[in-house]
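**Q** Okay, predicted coordinates and the sequence, questions at the end:
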Amino acid sequence: MKKTLIVLTALLLVVSSVFAGGKKESQVAKEEPVTLRIAWWGSQARHDRTLAVLDLYSQKTGVQFEAEFLPFDGYFTKLNMLVAAGDAYDIIQLGSNFPNYLDSLEPLDKYISSGIIDVSQTSENALIPNRLNGNLYGISLGTNTYGIAYDPALFAAAGVPEPTVDWTWAEYEAACLQIHEKLGIYGSSKLDDFSVGASQRIPQHDKNQMLFLEDGSGLGYTDDYPIIDYFRIRKNLVDAGAYPDPGRINEIKDIESDYLVRGEAAMTQVATNQFVALVNAAGRELKLATLPRETKDGPCGTSMQSSQMFGVYSGSEHKEEAAAFISFFVNDLEANRILKGERGQPIMASVCEDLEKNAEPAQAEIFRFIAIMTQIAEASAYQAPAQETEIKDLFWRIEDLVVFGKLTPEEAAVRFRTEAEAIFEKTK
C-alpha cells in the first residue's frame with residue numbers, strides 16, 4: 001500500500017509539472033511581440049516618415065509591423081481584395097470613402113472610454129467627419145483643405161500679380177494665358193477637375209446647391225452653368241497651350257512628376273497635406289493660394305475636412321494594440337516631429353503648438369494658409385456616396401470629349417447631369 005501511494009504521488013508530481021510547464025509556455029507565448037499589419041497610400045515622403053514612426057514605436061513598445069505602402073489606386077485594389085478574403089490589415093488608412101468599409105471597421109468609442117485612445121487634445125468637431133450612425137470609425141490624421149500651389153518667381157517673370165484670397169476663375173484663366181505667352185510654359189499643371197469643376201464650382205455659384213445631396217441619394221443641383229463654364233475654361237486653356245492636354249496629364253503619376261515641380265508650369269492644385277512633399281520635390285520656394293471662386297464676393301466653395309483616418313479592422317486579433325498605436329500616432333510629439341503634418345494639420349492642439357515652434361518654411365506656409373481657410377471655409381463631414389467613383393469617371397470622360405471638340409460645354413454639362421442621375425437610379 002505504501003509503495004502504491006509513493007507511485008501515485010510521483011505520478012501526480014509529473015502531471016503537475018507537465019501542466020505547470022504548459023502554463024509557463026502559454027505565458028511565454030503571450031509575451032511574444034505583437035505584429036500589426038498596416039498600409040497606406042501617398043508620396044515617398046509619407047512612406048519614409050511613416051516607416052520612421054513605426055520604427056520609433058517598435059523601439060518604445062516592442063510591437064512589430066508588417067507595412068505596405070502603395071499608390072492610391074493600387075492601395076484600394078489591394079484593400080478590396082483583402083476585405084473580400086476577410087484578411088484586411090489591422091490598421092487601415094481611409095478617406096471620406098470610409099462608409100464603404102463599415103462592415104470591416106471596428107467602432108472606436110469604447111477604446112476612447114477605456115483610455116486606450118486619447119482625444120483630450122482635440123474637439124468633437126475634429127472627430128465628426130469620421131462618425132456615422134453615432135459610431136466613430138476612425139481617428140483623423142489631419143485637417144485638410146485644397147489650394148493652388150504656385151511659384152512666385154514664375155509669376156513675377158511673367159508680370160502676373162500673385163493670387164489674392166478672393167481671386168476668380170476669370171483671373172486664373174487670364175494668368176494661365178499670360179504665363180504661357182510670356183514664358184512658354186503651362187500656366188497651370190493638373191487640377192482635380194471633378195473636385196474643383198463640380199464639387200466646388202456648384203456651391204460657388206449657388207450656396208444652396210451642391211453636387212450631391214447630403215444623404216448621398218442623388219445629385220443636389222439643377223443649374224448647369226458652373227460646369228459649363230468650367231468645361232469652357234478647360235478647353236480654352238488646352239487649345240492655347242496654357243494647360244496640359246489629356247495625354248500630358250496622364251504623364252503625371254505622382255507629386256514628383258507634376259509639371260510645377262519640373263518648372264514646366266507655374267501652379268498646380270494641391271491638398272495642404274501634400275504641400276511639404278511638393279516643395280521638397282521642387283527644391284525651391286512655393287506658396288499657397290486659395291482656389292479661385294466665381295465672383296470676388298461669392299462663396300469660396302472650399303471645405304475643411306479630415307485628410308485621412310486610421311481605423312481598426314473589425315477582424316483584427318490585436319484591436320487594442322492597433323488602437324493604442326493610432327493614439328500614439330496622433331498624440332506623440334516625437335512621432336509628429338517626424339511626420340511634420342504631412343497628412344494634414346494635426347488635430348491635437350499640443351502637437352500643433354509643438355510643430356509651429358520649429359516649423360520649416362513649407363510647414364509655416366501651411367499653417368498660414370490653414371489660418372486663412374479657417375476664416376472662409378466650412379468644416380465638412382462629407383461622406384462620398386458609393387456612386388462617386390463611377391460619376392467621377394463619367395465627368396472625366398465627358399470633359400475629354402469637350403477638350404477634343406466632340407461636345408460643346410453646354411452639351412457636355414447636360415450629358416453629365418443626365419448620365420449621373422441614371423447612375424443613381426440604377427443603383428437604388
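**A** Sure, I can see it.
**Q** show me where the stretch 51-200 of the chain has helices.
**A** Ranges of helices within the stretch 51-200 of the chain are 72-84, 109-113, 124-127, 152-157, 169-183, 193-194, based on DSSP state H, counting those that start in this stretch.
**Q** and if you look at the stretch 251-400 of the chain?
**A** Here the stretch 251-400 of the chain has its helices, by DSSP H, counting those that start in this stretch, at 275-282, 319-331, 333-339, 349-357, 361-376, 388-403.
**Q** and of these, who's closest to residue 426?
**A** Across the helices of the stretch 251-400 of the chain, residue 426 has its closest neighbour in helix 388-403 (9.8 Å, C-beta to C-beta). Quick note: C-beta positions are derived from backbone N, CA and C, even for glycine.
**Q** after that closest one comes which helix or strand?
**A** helix 409-426 (DSSP states H and E).
**Q** mind exporting that following helix as CSV, just the C-alpha atoms?
**A** Provided in CSV are the C-alpha atoms of helix 409-426 (Å, rounded to 0.1, in the frame of the first residue of the first chain):
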residue,chain,number,x,y,z
PRO,A,409,-19.5,72.7,-72.9
GLU,A,410,-23.3,73.1,-72.9
GLU,A,411,-23.9,69.6,-74.4
ALA,A,412,-21.4,68.1,-72.0
ALA,A,413,-22.8,69.6,-68.9
VAL,A,414,-26.3,68.3,-69.7
ARG,A,415,-25.0,64.9,-70.6
PHE,A,416,-23.0,64.7,-67.4
ARG,A,417,-26.1,65.5,-65.2
THR,A,418,-28.4,63.2,-67.1
GLU,A,419,-26.0,60.2,-67.0
ALA,A,420,-25.0,60.8,-63.4
GLU,A,421,-28.7,60.8,-62.4
ALA,A,422,-29.1,57.5,-64.3
ILE,A,423,-26.2,56.0,-62.3
PHE,A,424,-28.1,56.8,-59.1
GLU,A,425,-31.3,55.3,-60.5
LYS,A,426,-29.7,52.0,-61.5
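**Q** same question for that helix, mean pLDDT?
**A** Mean pLDDT, computed over helix 409-426, is 96.
**Q** What helices and strands are in contact with that helix?
**A** Judged by 3 or more C-beta pairs under 8 Å, 6 or more residues apart in numbering; DSSP states H and E, helix 409-426 is in contact with strand 219-220, helix 225-240, helix 388-403.
**Q** Contact partners for residue 320?
**A** Residues near residue 320 by C-beta atoms under 8 Å, 6 or more residues apart in numbering: 111, 116.
**Q** before we move on, back to that, which one of the helices of the stretch 51-200 of the chain lies nearest to residue 263?
**A** Closest of the helices of the stretch 51-200 of the chain to residue 263 is helix 152-157, at 7.9 Å (criterion: C-beta to C-beta).
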